[in-house]
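> Here is my input; please provide its structure:
(one chain, ligands or ions: 1)
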Amino acid sequence: MHIGLLTGGGDCPGLNAVIRAVTLSLVNECGARVTGIERGFWGLLHGASRPLAPAAVRGILAEGGTILGTHNRCDPFKDTDGTDRSAQALAFAREELRLDALVAIGGDGTMAIAERFHRLGLPVVGVPKTIDNDLPENDRSFGFDSAVAVVAEALDRLATTARSHGRVMIAETMGRYAGWIALEGGLAGGADAILIPERPFDVQALAAWCRAREANEGHTLICIAEGAKAVGQGLTVKARLADSPDPIRLGGVGAWLQAQLEPLLQSEVRATLLGHVQRGGTPTAFDRVLATRFGCHAAGLLRAGHFGRMVVLRGDTCDSVPLAAIAGRSRPVPADHELLAAARGLAVWMGDAPA
Ligand code: F6P
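Numbering: from 1, shown residues only. Alright, predicted model coming up:
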């Protein structure tokens, strides 16, 4: 058996742990040959690959990023000039490398492309990756725990300086259109207010609440997701990348909120954009184990010939779902989620206008 393996979309802590687990599990359990495709689907289009023997994956478990590189602007079905080059990518996979199957590790964009290749006759197994934790059918993505740990540490640090100066400190997290990172990171870091896309907030009500805290606690820590928005406002878009399958890049809502609050408050307001530090660096122990479990489960699907499926975590058990069930869907924080109830119980301010 000859298996190709690629990492697509944005990177995330734990990708190398999956690469290692798939490779070792396939080599040890059925003597398969594994080939890494470089920079995601770009490598399939440009013929860039390298062998992945056990020696090649030694020592990478705790390493952030991906040893194979990745690409978030390459869709062989719609290349940068709009041309469909999927036949060229398919020919490289099947005729040149003579792959029996492909493991695609990535987010929704990668899964959508992988599913199209699967339908064209290249058997595929998907492994979900995203710090945003927003892939449907999957209770937990690896990388998310590492991102949450960064947010919690940042809030711990912002809290002490907020207290010293009697300031309102705002930390903006990643997460795209879902509030998972801000919600879990905010709870872990003891944020006083958590603002997520699923619950549009009222600026005047937030300012009134901050004023009450000026009189009492003296400082306020706000954790806001990049996709959060005030009632009646659109998303805060940082950039539009014309050649990306997912062109919108969010960012800047923390600075926007700072500008809104400053004239309404006595205290100084400061905003910190946490940005890509949430995505870089070594995975937490939890993410190393989850990524390893996902990789081993993917290898099991390949050995059993169960293709066209994506590995998922259901409760605490690895399972898989058809790739077709993922396309075009995401996983926002449900209104009845236990973490929202916990935040309410702690009197964390979450906006006056539930979606
Ligand atoms: O999907 C992961 C993610 O980090 C999002 O949270 C964020 O909005 C986006 O990727 C940033 O993308 P880029 O690395 O292209 O700026």
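
> In the chain, what residue comes closest to the ligand?
Nearest residue of the chain to the ligand: M174, at 3.1 Å (C-beta to the nearest ligand atom). Placement of C-beta: from N, CA and C, glycine included.

> mind checking pLDDT for the residue lying farthest from the centre of the chain?
The centre of the chain is farthest from one residue, A215, which by C-alpha atoms, centre = their mean lies 38.4 Å away. Looking at A215, its pLDDT is 93.

> residues in contact with E217?
D192 (C-beta atoms under 8 Å, 6 or more residues apart in numbering).

> Tell me if I'm right that F92 and L44 touch.
Yes - judged on C-beta atoms under 8 Å, F92 makes contact with L44 at a distance of 5.6 Å.

> Pick out whichever of those two has more residues nearby.
Between F92 and L44, counted using other C-beta atoms under 10 Å, the more crowded position is L44 (31 against 21).

> helix/strand/coil for that one?
helix (DSSP: H, G, I helix; E, B strand; the rest coil).

> Might you enumerate the residues of the stretch 251-355 of the chain proximal to the ligand?
R279 (C-beta under 6 Å from any ligand atom).

> let me redo that: the stretch 51-200 of the chain
Listed as neighbours of the ligand in the stretch 51-200 of the chain under the rule C-beta under 6 Å from any ligand atom: 72, 107, 130-132, 174-176.

> of all those, which comes closest to G143?
Nearest to G143 among those: I131, at 4.4 Å, using C-beta to C-beta.

> so what pLDDT did the closest one get?
pLDDT for I131: 97.

> okay but it is in contact with R140, surely?
No - if you go by C-beta under 8 Å, I131 and R140 don't touch, sitting 11.5 Å apart.

> So which of these two has more stuff around it?
Applying other C-beta under 10 Å to I131 and R140 shows that I131 carries more neighbours, namely 30 against 20.

> which residues touch the more buried one?
I131 is in contact with 10, 12-13, 141, 143-144, 146-147, 174-175, 181, 278-279, counting by C-beta under 8 Å, 6+ apart.

> biggest separation within those residues, which pair?
Spanning the widest gap among these are P13 and G175, at 15.1 Å by C-beta to C-beta.

> which residues touch the residue of the chain closest to the ligand?
Residues near M174 by C-beta under 8 Å, 6+ apart: 131-132, 147, 181, 225-226, 274-275, 278-279.

> where does the residue nearest to it when sequence neighbours are not counted sit relative to L61, distance-wise?
Nearest residue to M174, sequence neighbours excluded (C-beta to C-beta, 6 or more residues apart in numbering): Q278, at 5.2 Å. Using C-beta to C-beta, to the nearest Å, Q278 is found at 20 Å from L61.

> Repeat that for Y177.
Noted for Y177: a distance of 31 Å to L61, by C-beta to C-beta.

> just A114 next, same as before
Separation of A114 from L61 (C-beta to C-beta) stands at 24 Å.

> between the two, who's got more neighbours?
Using other C-beta under 10 Å, the more surrounded residue of A114 and L61 is A114, with 27 against 17.

> I'd guessed the more buried one sits against V103; true?
No - with contact defined as C-beta under 8 Å, A114 does not count as touching V103 (9.1 Å).

> Need the residues touching each of the two.
124, 126.

> contacting residues for the closest residue in space to P51 that isn't next to it in sequence?
Leaving aside its chain neighbours, P51 sits nearest to T35 (5.8 Å; criterion: C-beta to C-beta, 6+ apart). When contacts are counted by C-beta under 8 Å, 6+ apart, T35 touches 2-5, 49-52, 97, 99.

> Would you mind checking these for buried ones?
If you count burial by 16 or more other C-beta atoms under 10 Å, the buried members of these come out as 3-5, 49, 52, 97, 99.

> Tell me which residues of stretch 69-84 come out buried.
For stretch 69-84, a neighbour-count test (16+ other C-beta under 10 Å) marks 69-77, 79 as buried.

> Now V253. Its backbone dihedrals?
The phi and psi torsions at V253 (degrees, to the nearest 10) take the values phi -70, psi -30.

> And it, what's its pLDDT?
At V253, pLDDT is 98.

> May I have the residues that are in contact with it?
Taking C-beta under 8 Å, 6+ apart, we find V253 in contact with 172, 224-229, 235-236.

> Just the ones in helices from these, please.
Judged by DSSP state H, helices contain none of the contacts of V253.

> dump the residue contacts of the nearest residue to G185 once chain neighbours are set aside.
Closest residue to G185 apart from its sequence neighbours, by C-beta to C-beta, 6+ apart: V151 at 2.8 Å. Listed by C-beta under 8 Å, 6+ apart, the contact set of V151 reads 171, 173, 181-182, 184-186, 188-189, 223, 274, 278.

> Distance to L261 for those - can I get that in CSV?
Shown next, in CSV, are the contacts of V151 (distance: C-beta to C-beta, whole Å):
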residue, distance to L261
A171, 14
T173, 18
I181, 22
A182, 17
E184, 24
G185, 21
G186, 17
A188, 24
G189, 19
C223, 14
L274, 19
Q278, 23
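
> and these, which of them are in helices?
Among those, the members falling in helices are 181-182, 184-186, 188 (criterion: DSSP H).
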